[in-house]
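Student: what follows is a predicted protein model with its sequence.
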Amino acid sequence: MSDTSSETINTSMTIDSSNPLYLHPSDHPGMILVSKSFDGTGFGAWKRAMTIALSAKNKLGFVTGQFVQPNVSSQIHLWNRCNDMVISWILNSLSREIGASVLYVESAHQLWMELNDRYGQVNGAKFYQLQKNLCEIVQGNCDVATYFTKLKTNWDELNAINVIPPCTCATAHLIAKRDEDQRLMQFLMGLNSCYDTVRGNILMMQPLPSLNQAYSLVIQDEKQREIHAASMFHSESASMNVSSQIHSTQYSRYDNKKSIICSNCKKNGHHASKCYRLIGFPKDFKFTKSRRGAANMVGDEKDLSNQEFTNPFLSNDLQENAPTGPSITVQQYNELMQLLQRTQLNKESNAQPTTSLSYANFAGPFNEEATGSDTM
């Protein structure tokens, strides 16, 4: 018994790192090889990720059936240990329900085949769903990278379903070129209308570029648009800041001017040192009130007939805010008042005879009746 154990230990010590039976000291049953657990959907992507991870660990032969259980008794223990390690890695990448359904499988190859038989069967519904997704995918509000990733995912799933045997003849290259041109057209058709220019340039190339080259050209055009949009945004923001500063400066000046009150005339907007009632009105100053008070203050002895007329029935505030228009002098105002008075007198004089005549007609018969009664 002790001889067998020592032989196994010695054999394990002499295993090369390239041997599939070799386990690195960092390998343990709780290791998770893929980032997303398989929950029954997306089996193709999960299978591809697990295949890459197991190949990197040099344990892919355990699931494909290439490394079967050896007949040498000295290596059975090592094979069982590696087989159990691969089973643990696969179970860790499955959901709890699916993992419980395959928990009692004895070998990694049987576990792998059962998952393929259960979820890896290609049917018409899956093929139809992938083709429908490809027809409905457009760029929309996504950027070019996100849009291309959606297309590439569906294309890869279709390739996994329709596996073509490898071939090196010229016909195989023509078929591959035709499939790539179809994907190129599908990629260009789903782009937004803002990429019409670069799309036209790609279609004019002879021969047509590969899908990756077309994607690179579209990405370059998108980057140029982002740079142009950023420069436009900075210029517009700068102009908006300047205009806002101008408006704020104007408002601040208006507020500061409004807060100033003259100690002489008690009006806001100027100091007493700049008050026209003290220093005199300029020659080109336009009066909105009667200039009598201003003329008395500055000692101006002009004729009152040349003064502007203001409505005496409006208050000072209403006169200040009244709309400007043609003004009349005091002499014109007096003439207008005299004309109105004469018109009124003419109306009264014309109406007076009519009143007297009607009164006489009314009094006449009364006097005659009275006279007749006296005679009788």
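Tutor: That came through, no problem.

Student: what comes up buried for stretch 157-169?
Tutor: For stretch 157-169, a neighbour-count test (16 or more other Cβ atoms under 10 Å) marks 157, 158, 160 as buried. (C-beta placed from N, C-alpha, C; glycine too.)

Student: same question, stretch 261-270
Tutor: For stretch 261-270, the neighbour count (16+ other Cβ under 10 Å) marks residue 262 as buried.

Student: now pLDDT and secondary structure too, for the buried residues of stretch 157-169, in CSV please.
Tutor: Output for the buried residues of stretch 157-169, formatted as CSV (pLDDT from 0 to 100; DSSP: H, G, I helix; E, B strand; the rest coil):
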residue, pLDDT, secondary structure
157, 83, helix
158, 86, helix
160, 78, helix
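
Student: which among those residues gets closest to residue 208?
Tutor: Nearest to residue 208 out of these is residue 158 (Cβ to Cβ; 20.7 Å).

Student: quick revisit: how about the buried residues of stretch 157-169 in a markdown table, adding distance to residue 64?
Tutor: Shown next, in a markdown table, are the buried residues of stretch 157-169 (distance: Cβ to Cβ, whole Å):
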| residue | distance to residue 64 |
| --- | --- |
| 157 | 21 |
| 158 | 23 |
| 160 | 16 |
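
Student: ok, so of the residues you listed, who is nearest residue 56?
Tutor: Of all the buried residues of stretch 157-169, residue 56 sits closest to residue 160, with 19.6 Å by Cβ to Cβ.

Student: tell me the mean pLDDT for the helix or strand harbouring residue 344?
Tutor: Per DSSP states H and E: residue 344 is located in helix 330-375. The average pLDDT for helix 330-375 rounds to 60.

Student: which element is the nearest residue to residue 35 once chain neighbours are set aside on?
Tutor: Closest residue in space to residue 35, ignoring its immediate chain neighbours: residue 49 at 7.8 Å, by Cβ to Cβ, 6 or more residues apart in numbering. Element membership for residue 49, per DSSP H and E: helix 43-56.

Student: which parts of that helix are buried?
Tutor: Neighbour-count burial for helix 43-56 flags 43, 44, 45, 46, 47, 49, 50, 53, 54 (criterion: 16+ other Cβ under 10 Å).

Student: looking at the buried residues of stretch 157-169, spot the one nearest residue 75.
Tutor: Using Cβ to Cβ, the buried residues of stretch 157-169 come closest to residue 75 at residue 160, 34.5 Å.

Student: make sure that closest one is actually in contact with residue 51.
Tutor: No - contact status for residue 160 versus residue 51: not in contact, 10.8 Å apart, counting by Cβ atoms under 8 Å.

Student: before we move on, back to that, ok, then the element right after the helix holding residue 49?
Tutor: Counting by DSSP H and E, the next helix or strand C-terminal to helix 43-56 is helix 60-64.

Student: which residues are contacting that next one?
Tutor: Outside helix 60-64, the residues that touch it by Cβ atoms under 8 Å, 6 or more residues apart in numbering are 20, 51, 54, 66-67, 82-83, 86, 90, 107-109, 111-112.

Student: out of these, list just those in helices.
Tutor: When DSSP state H defines the helices, the subset of the contacts of helix 60-64 inside them is 51, 54, 82, 83, 86, 90, 108, 109, 111, 112.

Student: burial of the last one, as a residue count?
Tutor: The reference is to residue 112. By other Cβ atoms under 10 Å, 25 other residues sit near residue 112.

Student: ok, it - contacts?
Tutor: Contact analysis of residue 112 by Cβ under 8 Å, 6+ apart lists 63, 64, 90.

Student: ditto for the first one
Tutor: In this structure, residue 51 makes contact with residue 60, judged by Cβ under 8 Å, 6+ apart.

Student: and for the second one?
Tutor: Residues in contact with residue 54, defined by Cβ under 8 Å, 6+ apart, are 33, 60, 62, 63, 86, 89.

Student: go with 10 Å
Tutor: Listed by Cβ atoms under 10 Å, 6 or more residues apart in numbering, the contact partners of residue 54 are 33, 60, 61, 62, 63, 64, 86, 89, 90, 108, 112.

Student: out of the residues you listed, which end up buried?
Tutor: Listed as buried from those are 33, 60, 61, 62, 63, 86, 89, 90, 108, 112; burial here means 16+ other Cβ under 10 Å.

Student: is it fair to say residue 167 lies in a strand?
Tutor: No - counting by DSSP: H, G, I helix; E, B strand; the rest coil, residue 167 falls outside a strand, being coil.

Student: and it, how far is that from residue 174?
Tutor: Distance, residue 167 to residue 174, using Cβ to Cβ, to the nearest Å: 11 Å.

Student: go on, residue 228?
Tutor: Counting by Cβ to Cβ - residue 228 and residue 174 are separated by 41 Å.

Student: again, but for residue 192
Tutor: Counting by Cβ to Cβ, the separation of residue 192 from residue 174 is 32 Å.

Student: what about the two, which has more around it?
Tutor: Higher neighbour count among residue 192 and residue 174: residue 192, with 14 against 10, using other Cβ under 10 Å.

Student: so, low pLDDT: which residues of the stretch 51-200 of the chain?
Tutor: Counting by pLDDT under 70, the stretch 51-200 of the chain contains low-confidence residues at 122.

Student: where exactly do the helices run in it?
Tutor: Under the criterion DSSP state H, counting those that start in this stretch, the stretch 51-200 of the chain contains helices at 60-64, 73-92, 96-101, 108-119, 124-136, 144-161, 170-189, 196-203.

Student: tabulate the ones you listed in JSON lines, adding columns for distance to residue 339.
Tutor: Listed next are the helices of the stretch 51-200 of the chain as JSON lines, based on distance: least, Cβ to Cβ, whole Å:
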{"stretch": "helix 60-64", "distance to residue 339": "120"}
{"stretch": "helix 73-92", "distance to residue 339": "113"}
{"stretch": "helix 96-101", "distance to residue 339": "110"}
{"stretch": "helix 108-119", "distance to residue 339": "110"}
{"stretch": "helix 124-136", "distance to residue 339": "89"}
{"stretch": "helix 144-161", "distance to residue 339": "86"}
{"stretch": "helix 170-189", "distance to residue 339": "88"}
{"stretch": "helix 196-203", "distance to residue 339": "79"}
